[in-house]
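Engineer: The sequence isn't on hand, but the structure is:
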């Protein structure tokens, strides 16, 4: 029997390991082990230590980490936005993807937003071209809104685009009391 999955808020000492986890889930050849890679859409970095540190220290924000036996396996960022909770920076170690860990992390994030923040909905933005990822979220109750925002071309903090047509779509899920 596998040891219990532990959830906790990230601490400043977690930053280097979190940056490595997030990068491994989205960018570069290491990300191709899993299915969440953005390597065909974007080059460059997904985040850095300053960005992760800022998220950890921001008021109304939590970077939730999931670990087992002291190994950091996944994380996600939640931020209060009025009656909604923004969900982002969702990363699962590529070698652990496809086994239900992501569903567990998402469920924990939804519960936290609903029970601790009284959030009525969870929202996120996903690169429109990530059809497989959007379908995964739709299977978990999110709906596409048809609301789009431009990709921040020229701002390398978000990566270096490999194509000229990237944009974000807003997804929303109603959070009902369990």
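Structural biologist: Yes, it's here. This is a predicted model, so every value here is computed, not measured.
Engineer: Just the buried positions in stretch 110-118, please.
Structural biologist: 110, 112, 113, 114, 117 (16 or more other Cβ atoms under 10 Å). Glycine gets a C-beta too; all of them are placed from N, C-alpha and C.
Engineer: With secondary structure and pLDDT as new columns, can those be given to me in JSON lines?
Structural biologist: Listed next are the buried residues of stretch 110-118 as JSON lines, based on DSSP: H, G, I helix; E, B strand; the rest coil; pLDDT from 0 to 100:
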{"residue": "110", "secondary structure": "helix", "pLDDT": "97"}
{"residue": "112", "secondary structure": "helix", "pLDDT": "96"}
{"residue": "113", "secondary structure": "helix", "pLDDT": "97"}
{"residue": "114", "secondary structure": "helix", "pLDDT": "96"}
{"residue": "117", "secondary structure": "helix", "pLDDT": "96"}
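Engineer: And the helix or strand of the chain with the lowest mean pLDDT, how far out from the chain middle?
Structural biologist: Within the chain, no helix or strand scores below strand 42-43, which has a mean of 84 by mean pLDDT, DSSP states H and E. A distance of 17 Å separates the centroid of the chain from that of strand 42-43, by Cα atoms, centre = their mean, to the nearest Å.
Engineer: so which strand or helix has the residue positioned nearest the centre of the chain?
Structural biologist: The chain has residue 90 as the residue nearest its centroid, 1.7 Å off, counting by Cα atoms, centre = their mean. Here residue 90 sits within strand 84-92, counting by DSSP states H and E.
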